[in-house]
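Peer 1: what shape does this take:
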Amino acid sequence: MTTFKTKALVAMLALTGSAVAQAAVISFSDADLGSGNPVTVGGTTLTTTNTGGSIGFITSGTFAGLYLGGNNTSGSYVLSFSTMINSIEIEFDALSSVGSLPVETLFGFVTSNGPVSIGYTNQGGTTFDGTTITSTANDGQGTISFSGTPFNSFSFNHNQGAQSGFVIERVLINTADMPPTSVPEPVSLGLLGIGLLGLGLVRGKRKA
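Peer 2: Numbers count the residues shown, from 1 in each chain. You can find the predicted model right below:
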């Protein structure tokens, strides 16, 4: 009797064991971003929304990717993710300063937790003063990066000036570890009930 009871308890503990979602690195390529909105890679969906400006898609070529701007108006853009993340890298191209001034700039970086200070790598034709990325060439390129307390959106402002918009060519994220859960699946609930029934029978026989 004792052996059966012990096995039943072990089975019940296994059924109600905690599960932890593991972190993963996910990359949205230029082809992914140029295919439409929203876009899903590795089980995570990226949705881009805008206030002002415009959202377009370039499916191939040198400037393939998510095309923001293009109608000579400035705007604000939000990249939202279907899961919590703890880091993001955004690689862009074609931030320009051709023709009439002003040139294109990016600024006002915010996550779902509030305003943030970004890391920035100039890949050519841009400057960064700690708050604003400014184009200094006809094809400004760079990488925006941020990591911190888990968040599910990253937004920024785009001052297009008299330019023609820019392209996000890659978005690299690291999904966050999620807290453990102890809610059993429906099948497990059924098995758990059987285990409890078995324990009841054992107790009944011992009393008899």
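
Peer 1: going forward, measure contacts and count neighbours with C-alpha atoms only.
Peer 2: Noted.

Peer 1: in the sheet, who's paired with the most centrally placed residue in the chain?
Peer 2: The centre of the chain sits closest to residue 81, judged by Cα atoms, centre = their mean, with a distance of 4.0 Å. Here residue 81 sits in beta bridges with residue 46, as judged by DSSP bridges.

Peer 1: so it sits against residue 41, correct?
Peer 2: No: applying Cα atoms under 8 Å, one finds residue 81 not in contact with residue 41, separated by 10.8 Å.

Peer 1: give me the below-cutoff pLDDT ranges for the protein.
Peer 2: Across the chain, the ranges flagged by pLDDT under 70 are 1-21, 71-72, 178-208.

Peer 1: in it, which spans are helices?
Peer 2: Using DSSP state H, the helices of the chain run over 2-15, 30-33, 186-207.

Peer 1: so residue 74 makes contact with residue 158?
Peer 2: Yes: between residue 74 and residue 158 there is a contact under Cα under 8 Å: 5.6 Å.

Peer 1: count of residues packed around residue 93?
Peer 2: Neighbourhood size, residue 93 [other Cα atoms under 10 Å]: 25.

Peer 1: setting aside sequence neighbours, what's the nearest residue to it?
Peer 2: Once flanking residues are discounted, residue 93 sits nearest to residue 141: 4.5 Å by Cα to Cα, 6 or more residues apart in numbering.

Peer 1: now the one you found: how far from residue 37?
Peer 2: Computed with Cα to Cα, to the nearest Å, the distance linking residue 141 and residue 37 is 23 Å.

Peer 1: neighbour count: these two, which is higher?
Peer 2: Shown here are residue 141 and residue 37; by other Cα under 10 Å, residue 141 has more neighbours (24 against 17).

Peer 1: my guess is residue 127 meets residue 136, correct?
Peer 2: Yes: in this structure residue 127 lies within contact range of residue 136 using Cα under 8 Å: 7.0 Å.

Peer 1: stretch 162-182: which residues count as buried?
Peer 2: 162-176 (16 or more other Cα atoms under 10 Å).

Peer 1: same question but for stretch 135-148, I mixed them up
Peer 2: Buried residues in stretch 135-148, counted by 16+ other Cα under 10 Å: 135-147.

Peer 1: so which of those residues are in strands?
Peer 2: The strands, defined by DSSP state E, take in 135, 140-147 from the buried residues of stretch 135-148.

Peer 1: where along this protein do the strands fall?
Peer 2: For the chain, the strands defined by DSSP E cover 25-28, 39-41, 44-52, 55-58, 65-68, 75-95, 105-111, 114-115, 119-124, 126-128, 133-135, 140-159, 166-175.

Peer 1: single out the most deeply packed of those.
Peer 2: Compared across the strands of the chain, strand 65-68 shows the largest average neighbour count, a mean of 26 (mean count of other Cα atoms under 10 Å).

Peer 1: packing partners for that strand?
Peer 2: With contacts taken as 3 or more Cα pairs under 8 Å, 6 or more residues apart in numbering; DSSP states H and E, strand 65-68 sits against helix 30-33, strand 55-58, strand 166-175.

Peer 1: that one pairs with which strands?
Peer 2: In the sheet, strand 65-68 lines up against strand 55-58 (antiparallel), strand 166-175 (antiparallel) (DSSP bridges).

Peer 1: need those in CSV (columns: distance to residue 85).
Peer 2: Below are the strands paired with strand 65-68 laid out as CSV (distance: least, Cα to Cα, whole Å):
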stretch, distance to residue 85
strand 55-58, 23
strand 166-175, 4
